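Undergrad: got a sequence here, can you build the structure:
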Amino acid sequence: MGPVSQDRLEMARVKKDRRLREKFRKRQTNLFKKANDLAWMTESKIYIVVQHDDKFHTYKSTQEPRWPPSGKELVSSTELIEPQLTT
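TA: Take a look at the predicted model:
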């Protein structure tokens with residue numbers, strides 16, 4: 001069987017051991033780098049929370065003390081946004 005192209009990559013779970021931790025670390029690093037690129041290119045604020053092995057790993061694109069907003073602020077702001085249906 002030849003090499004698998006990126007768009008046809010088969011996903012498989014990694015056994016819980018050192019390889020799993022290493023895979024998580026690499027994927028997390030890549031996710032946070034991409035989030036940083038997106039925030040920089042689009043002047044967006046991004047906050048990511050990932051839970052792994054009962055630990056929380058966070059990424060924050062800005063150092064503003066009031067970012068991210070509280071859960072109540074997020075809910076109240078999303079209530080103002082009406083979903084737009086695409087046809």
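
Undergrad: what about the residue nearest the centre of the chain, which SS state?
TA: Closest residue to the average C-alpha location of the chain: Ile48 at 5.0 Å, with Cα atoms, centre = their mean. Three-state call for Ile48 (DSSP: H, G, I helix; E, B strand; the rest coil): strand.

Undergrad: which residues touch it?
TA: By Cβ atoms under 8 Å, 6 or more residues apart in numbering, Ile48 lies in contact with 31-32, 35, 58-59. All C-beta spots, glycine's among them, are computed from the backbone N, C-alpha and C.

Undergrad: do Asn36 as well
TA: If you count contacts by Cβ under 8 Å, 6+ apart, Asn36 has them with 59, 61.

Undergrad: quick one: the strands in this protein?
TA: Using DSSP state E, the strands of the chain run over 47-52, 55-60.

Undergrad: please export the alpha-carbon coordinates of the first one; PDB is fine.
TA: Once non-C-alpha atoms are left out, strand 47-52 reads as follows in PDB (Å, rounded to 0.1, in the frame of the first residue of the first chain):
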ATOM      1  CA  TYR A  47      -9.500  31.800  23.500                       C
ATOM      2  CA  ILE A  48      -9.100  28.000  23.400                       C
ATOM      3  CA  VAL A  49      -9.500  25.600  26.300                       C
ATOM      4  CA  VAL A  50      -8.500  22.000  25.900                       C
ATOM      5  CA  GLN A  51      -8.900  19.400  28.600                       C
ATOM      6  CA  HIS A  52      -6.600  16.400  28.600                       C
END
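
Undergrad: so for it, what gets flagged as buried?
TA: Buried positions in strand 47-52, judged by neighbour count with 16 or more other Cβ atoms under 10 Å: none.
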